[in-house]
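**Q** starting from these lines, generate the structure:
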Amino acid sequence: MTFSLTELLQLLMAFLGSLGFALLFHTPRKCLLTAALGGLVSWAVYLLTMHGGYGYMIACLLAGIAAALWSEILARLQKKPVTVFLISAVIPLIPGQAMYRTMSSLVTGDLETAWSQGVVMVLSMLFIAAGTSLVAAVSVLFTRRSQNQPV
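**A** Numbers count the residues shown, from 1 in each chain. Next up is the predicted model:
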């Protein structure tokens, strides 16, 4: 699978947007590159899933899983909290277009469109959160098991 020029540009923007948020949230200097790469990875998984024909919600779920996996692995390698990497990794996944359309439709009084776009927005955020939560739960189970603590 190869990415089109537009998709390569999207991956670059995902990296730069994630880098911008990493800087905004005062991510430690030695973690900036890997935090920004998390955004690129999550967006690449999203694009690959969409190309596979799985649909928007499954793409959000799998991209959320990818962002959380990236963050968990890097947090252990660099001995930092998971949130240092996770916040930057999920930034490209935020459904900004659906948020904009929901608010725009509300302002113009088009309640039917506002409702449909609002549902898309909330569901996509729930699927992203479900993906990250799933990885976090599995990570806690493995960490406790490796430390011989009760689960």
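**Q** and for residue 112, the neighbour number?
**A** If you count neighbours by other C-beta atoms under 10 Å, residue 112 ends up with 8. Backbone N, C-alpha and C define where each C-beta goes, glycine included.
**Q** and residue 62, how many neighbours does it have?
**A** Residues near residue 62, counting by other C-beta under 10 Å: 21.
**Q** give me the nearest residue to it, chain neighbours excluded.
**A** For residue 62, ignoring the flanking residues on the chain, the nearest one in space by C-beta to C-beta, 6 or more residues apart in numbering is residue 49 at 4.9 Å.
**Q** so the one you found sits right up against residue 57, yeah?
**A** No: using C-beta atoms under 8 Å, residue 49 is not in contact with residue 57; the gap is 10.1 Å.
**Q** quick one: residue 112 and residue 70, what's the gap?
**A** 38 Å (C-beta to C-beta, to the nearest Å).
**Q** need the contact list for residue 47.
**A** Residue 47 makes contacts with 3, 7, 10, 11, as judged by C-beta atoms under 8 Å, 6 or more residues apart in numbering.
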